[in-house]
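Peer 1: here you go, sequence then predicted model.
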Amino acid sequence: MAALLPASPVALAFPGIQWDPMQKLRLTSPEKHILRSAEANPIDYTLCDAEQSMTYAKALLKVLAEASGASGPSSKVSRQKESLNEEDALGMLYTDPMGVVTHYAITKLYDVVQCLREKKISSGVSLGSTFYNEDGNLIDEWRPLLRVLHLGGGGDAFAQRGAAYCLTFILMAGCASQRYTTNPLQKMNHSSVKEPLAALISWITSQLQSSASSSLSLVTPTLTALMSCPEARILFADSGGIGYLSRHIRNGCRGTKQRVSGGTASVQQLYELCFCLWTLTYECNNSSSIRATFARDNAVNSLVDLVSTAPREKVVRVALSALRTLACCTGNFTVSSGDSSSRKEITSATFLNEMIGCGLIKYIDQMKERQWTDPDIVDDLETLHKLLHANFKEMTTWDVYLAEVQNGSLEWGILHTEKFFKENARRFEGTNGDFSVVKILIALTASHDEEVQSIACYDIGEFVRHYPNGRTIARTLGAKDIVLKLVDHSNEELSRQALTCVSKMMVQNWQDNNMNMFIRESCNIHINS
């Protein structure tokens with residue numbers, strides 16, 4: 001999934017660059033000569049042999065190092081979003097020459113990386129021969145690419161995206177898993193890329209911490225490329241990457257449902273995020289920590305959200321593939337939550353239970369009725385249908401309810417009835433007697449989904465009714481004060497369920513209309529005071 005770098009907004013100024021007057025770049029005569037030669041000839045000619053290819057790459061990296069400096073992004077070019085015509089672009093070369101030269105160096109380095117990736121190994125010229133010394137170590141000149149990523153202020157989106165992309169393929173060429181991309185006779189010191197690769201992934205995760213769509217557009221093209229490398233996948237997962245991806249997918253799905261824009265991911269970004277999550281599922285068979293992270297960070301919930309919102313068929317395809325991989329993963333790992341009594345075995349059944357709790361069975365059953373042209377989707381649907389229904393038969397109603405609550409995917413049905421709570425009230429104590437399920441329900445009253453909030457209020461009220469001393473427990477856990485705030489909610493159903501829940505916590509005769517009116521008035525006084 002290699003991404004194309006869009007043209008620099010000042011690209012029409014590149015032919016006007018004159019190297020001799022730019023003393024700040026401190027270029028030697030040979031460096032100026034190879035830069036001019038590269039301009040006059042096709043890129044394949046410049047990269048015709050390993051020595052010349054490395055010389056040209058080093059010259060571009062030096063230009064980038066001197067032009068970008070350490071003082072932050074350029075004053076004008078970095079802020080330019082729209083492409084300029086030739087006259088305005090040349091004007092920018094006059095007012096902000098180093099900004100234009102920075103974009104020039106990034107553009108040419110991108111061309112070099114693209115050309116080298118397409119060359120046959122037999123040509124003797126590769127990313128390995130160009131960016132790695134004879135001893136197999138990464139050349140020192142790579143560092144300006146990382147510095148561009150960390151430009152202060154608003155940064156330079158074009159330069160950052162291009163630098164991240166170039167650095168990705170340069171570093172992957174030095175990973176042991178990518179040995180097939182370089183000449184087998186070439187010596188490669190794989191340890192020389194560990195620190196740079198970790199630094200690149202650290203920058204990516206820092207961008208993913210932002211909810212802004214602009215931050216996603218910077219990193220998703222790079223990340224999709226990186227995920228083809230097992231070493232990068234493991235580093236990314238260890239840096240919290242699975243959690244970041246899951247959060248962005250959930251937020252993007254919420255934006256799709258509510259038709260909001262601005263802070264949510266586009267359909268293409270959702271596809272790229274899901275693609276990255278899918279590639280990470282293949283590490284579950286080999287890594288106990290990655291499998292545990294998938295179970296901990298609600299990745300299944302995010303993938304089911306994608307399937308349910310179905311923004312595009314290609315997104316559904318990759319989401320189903322990821323769910324299938326999790327449902328079929330082999331090898332059992334035990335994860336400890338701090339003490340021996342809370343050790344939990346993470347198996348494929350763990351993920352299937354989560355899928356059932358998120359309501360995936362319903363979506364799979366519905367999707368099987370549709371006509372799909374993609375055979376992969378048909379195969380994934382068949383496999384998931386078989387596994388989910390087999391696992392569902394082995395689950396008790398409490399197991400299903402627990403999975404639903406833990407995934408925050410509450411839906412009205414037989415699990416949210418008086419009969420269910422009469423039969424299962426004692427189970428709310430939990431294995432450790434900490435009433436963890438009640439705590440989760442209280443947290444779900446703050447969900448972004450108003451139906452989930454309504455059901456959570458109902459369930460808390462039913463727990464209060466059917467569990468001995470349930471009122472005291474609910475109040476001790478803070479349920480009353482939290483639910484009180486929802487009594488005057490604009491959503492009538494949520495307001496009604498919140499009022500009913502508070503009534504159950506306060507009085508025995510909670511169905512009395514006069515008493516409910518009195519409680520509503522008391523709630524208003526409490527909220528406004």
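Peer 2: Looks like it arrived, so ask away.

Peer 1: let me know whether residue 355 touches residue 388 as I believe.
Peer 2: Yes: counting by CB atoms under 8 Å, residue 355 touches residue 388, with 6.2 Å between them. Any C-beta I mention is one placed from the backbone N, CA and C, and that applies to glycine too.

Peer 1: have a look at the two and say which one is more surrounded.
Peer 2: residue 355 (29 against 20; other CB atoms under 10 Å).

Peer 1: mind checking the SS state of residue 141?
Peer 2: Following DSSP: H, G, I helix; E, B strand; the rest coil, we place residue 141 in the helix state.

Peer 1: any residues in contact with both of residue 355 and residue 388?
Peer 2: Both residue 355 and residue 388 are contacted by 327, 361, under the criterion CB atoms under 8 Å, 6 or more residues apart in numbering.

Peer 1: all the helices of the stretch 51-200 of the chain, in order from the start?
Peer 2: For the stretch 51-200 of the chain, the helices defined by DSSP state H, counting those that start in this stretch cover 86-95, 97-118, 127-131, 143-149, 157-172, 194-208.

Peer 1: turn these into TSV, including mean pLDDT, mean neighbour count and distance to residue 507.
Peer 2: Formatted as TSV, those follow (pLDDT from 0 to 100; neighbours: other CB atoms under 10 Å; distance: least, CB to CB, whole Å):
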stretch	mean pLDDT	mean neighbour count	distance to residue 507
helix 86-95	94	15	72
helix 97-118	95	22	69
helix 127-131	93	24	73
helix 143-149	92	21	60
helix 157-172	94	25	59
helix 194-208	94	19	48
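
Peer 1: mind putting the ones you listed into JSON lines with distance to residue 247?
Peer 2: Shown next, in JSON lines, are the helices of the stretch 51-200 of the chain (distance: least, CB to CB, whole Å):
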{"stretch": "helix 86-95", "distance to residue 247": "38"}
{"stretch": "helix 97-118", "distance to residue 247": "30"}
{"stretch": "helix 127-131", "distance to residue 247": "33"}
{"stretch": "helix 143-149", "distance to residue 247": "22"}
{"stretch": "helix 157-172", "distance to residue 247": "21"}
{"stretch": "helix 194-208", "distance to residue 247": "8"}
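
Peer 1: out of those, which comes closest to residue 397?
Peer 2: Smallest distance to residue 397 across those (CB to CB): 38.0 Å, for helix 194-208.

Peer 1: and that closest one, what does it pack onto?
Peer 2: Counting contacts by 3 or more CB pairs under 8 Å, 6 or more residues apart in numbering; DSSP states H and E, helix 194-208 packs against helix 143-149, helix 157-172, helix 213-226, helix 230-238, helix 241-258.

Peer 1: show me how far the third one is from its chain's centre.
Peer 2: Read that as helix 213-226. Relative to its chain's centre, helix 213-226 lies at 9 Å (CA atoms, centre = their mean, to the nearest Å).

Peer 1: now it against helix 194-208, angle please.
Peer 2: Counting by axes from the mean of the first three to the mean of the last three CA atoms, to 10 degrees, helix 213-226 lies at 150 degrees to helix 194-208.

Peer 1: how close does residue 176 sit to residue 462?
Peer 2: Taking CB to CB, to the nearest Å as the measure, residue 176 falls 56 Å from residue 462.

Peer 1: give me the more crowded residue out of these two.
Peer 2: More neighbours surround residue 462 than the other of residue 176 and residue 462, with 23 against 12 (other CB under 10 Å).

Peer 1: name the nearest residue to that one, sequence neighbours excluded.
Peer 2: Counting by CB to CB, 6 or more residues apart in numbering, the nearest residue to residue 462 once its immediate chain neighbours are dropped is residue 421, at 4.0 Å.

Peer 1: which SS class is that neighbour?
Peer 2: Taking three-state DSSP as the rule, one finds residue 421 in the helix state.

Peer 1: and what of residue 345?
Peer 2: Quick answer, by three-state DSSP: residue 345 is strand.

Peer 1: check which helix or strand covers the closest residue to residue 326 other than its chain neighbours.
Peer 2: Among residues not flanking residue 326 along the chain, residue 351 sits closest, at 4.2 Å (CB to CB, 6+ apart). Using DSSP states H and E, the secondary-structure element containing residue 351 is helix 348-357.

Peer 1: quick one: contacts of that helix?
Peer 2: Here helix 348-357 makes contact (CB under 8 Å, 6+ apart) with 294-295, 300-301, 304, 323, 326-330, 344, 361, 384, 387-388, 391-392, 395, 399-400, 402-407, 409.

Peer 1: kindly report the same for stretch 443-462.
Peer 2: If you take CB under 8 Å, 6+ apart as the criterion, stretch 443-462 is touched by 254, 405, 408-412, 416, 418, 421, 438, 441-442, 474, 479, 482-483, 486, 489, 491, 493-494, 497-498, 500-501, 503-505, 510.

Peer 1: now those residues: which count as buried?
Peer 2: The neighbour-count criterion (16 or more other CB atoms under 10 Å) marks 405, 408-410, 416, 421, 438, 441-442, 474, 479, 482-483, 486, 489, 494, 497-498, 500-501, 503-505, 510 among those as buried.

Peer 1: give me the low-pLDDT residue ranges for the chain?
Peer 2: Applying pLDDT under 70 to the chain flags the ranges 1-3, 70-73, 152-154, 180-185, 254-264, 331-344, 508-529.

Peer 1: quick one: the strands in it?
Peer 2: 333-335, 344-346 (DSSP state E).

Peer 1: hang on, isn't residue 290 packed against residue 283?
Peer 2: Yes: Residue 290 is within contact range of residue 283, at 4.6 Å (criterion: CB under 8 Å).

Peer 1: please enumerate the shared neighbours of the two.
Peer 2: With CB under 8 Å, 6+ apart, residue 290 and residue 283 have common neighbours 234, 237.

Peer 1: what separates residue 133 from residue 347, distance-wise?
Peer 2: 46 Å.

Peer 1: over to residue 441?
Peer 2: Applying CB to CB to residue 441 and residue 347 gives a distance of 26 Å.

Peer 1: just to revisit the earlier point, any buried residues in the helix holding residue 351, and which?
Peer 2: Here helix 348-357 shows 348, 350, 351, 352, 353, 354, 355, 356, 357 as buried, counting by 16+ other CB under 10 Å.

Peer 1: switch those over to JSON lines; also include distance to residue 249.
Peer 2: Compiled in JSON lines, the buried residues of helix 348-357 are given as follows (distance: CB to CB, whole Å):
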{"residue": "348", "distance to residue 249": "21"}
{"residue": "350", "distance to residue 249": "20"}
{"residue": "351", "distance to residue 249": "16"}
{"residue": "352", "distance to residue 249": "20"}
{"residue": "353", "distance to residue 249": "20"}
{"residue": "354", "distance to residue 249": "15"}
{"residue": "355", "distance to residue 249": "15"}
{"residue": "356", "distance to residue 249": "20"}
{"residue": "357", "distance to residue 249": "17"}
